[in-house]
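Visitor: A predicted structure for the sequence below; I have some questions about it.
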Amino acid sequence: MDCIKCNTKSCRTTESCHAQKFDVDELIQTYHLPENMKIVQAAAHLVDNGRAGTLSRLQEVIEFSKSMNFKRIGIAYCYGMEITAALITTIFRESGFKIYPVSCTTGGFKQSDINIGSKIEKVACNPLAQAEQLNAESVDFTITVGLCLGHDILFNKHIKSYTTTLIVKDRVHDHNPVDAIKN
């Protein structure tokens, strides 16, 4: 399947092109599971009925969290974005949430302890510890803020809560990777 090369775009009119390799009926049943339906409905509330484009991503995450009745929110952040993470923490606390911000350097591991090919003795980013700490805090939802590529992959693989990314790291384009595509 290559949706970019499709000339009909029939899927945008609720008609399948029949190139997919998934069972439609099975997926619809999966959407109808209570835990998935709650997310589908909360997300639809943010974009349906003319609301798409009326809220910032931050506002969407707050509203989504409220509609999902999340109480305990983890923030997994890069230490280089701690000032931003602190602002986000304040905004979420003022919105009524219990917030658990965890830095990527939690645990104070040396790079040589984590990466057997490294001789660097300085502090390492520790996405597995971030995930374990937030799992231990029993957060309902986790927001990632500026985790490095690779670290975000490990974090997402090991975190047990629902997770979204608020800020993706792109040092060259002030954390807006779309700028690399436009230029």
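Guide: Arrived safely, thanks for sending. Residues are numbered from 1 along each chain as shown.
Visitor: Report the residue spans of the protein with pLDDT below the cut-off.
Guide: Where the chain drops to pLDDT under 70, the residues are 183.
Visitor: center of this protein - which residue?
Guide: residue 164 (1.9 Å; Cα atoms, centre = their mean).
Visitor: for that one, helix, strand, or coil?
Guide: strand (DSSP: H, G, I helix; E, B strand; the rest coil).
Visitor: so it sits right up against residue 58, yeah?
Guide: No - the criterion here is Cβ atoms under 8 Å, and residue 164 misses it with residue 58 at 11.1 Å. (Glycine included, C-beta is placed from N, CA and C.)
Visitor: Show me the contact partners of stretch 4-24.
Guide: 1, 3 (Cβ atoms under 8 Å, 6 or more residues apart in numbering).
Visitor: Adjust the sequence numbering to begin at 333 for everything that follows.
Guide: Renumbered: residue one is now 333, and that last one reads stretch 336-356.
Visitor: Tell me the gap between it and the middle of its chain.
Guide: Relative to its chain's centre, stretch 336-356 lies at 27 Å (Cα atoms, centre = their mean, to the nearest Å).
Visitor: Buried residues in it, which are they?
Guide: Buried residues in stretch 336-356, counting neighbours by 16 or more other Cβ atoms under 10 Å, are absent.
Visitor: same question, stretch 403-417
Guide: Quick answer for stretch 403-417 (16+ other Cβ under 10 Å): 404, 405, 406, 407, 408, 409, 410, 413, 414, 416, 417.
Visitor: need the contact list for the fifth one.
Guide: Right, residue 408. 434, 436, 459, 462-463, 466, 474-477, 479, 487, 491.
Visitor: let's go with 6 Å and repeat that
Guide: Under the criterion of Cβ atoms under 6 Å, 6 or more residues apart in numbering, the neighbours of residue 408 are 434, 462, 474, 476, 487.
Visitor: How much space separates the fourth one from residue 375?
Guide: To tie it back to what came earlier, the one meant is residue 476. With the distance defined as Cβ to Cβ, to the nearest Å, residue 476 ends up 18 Å from residue 375.
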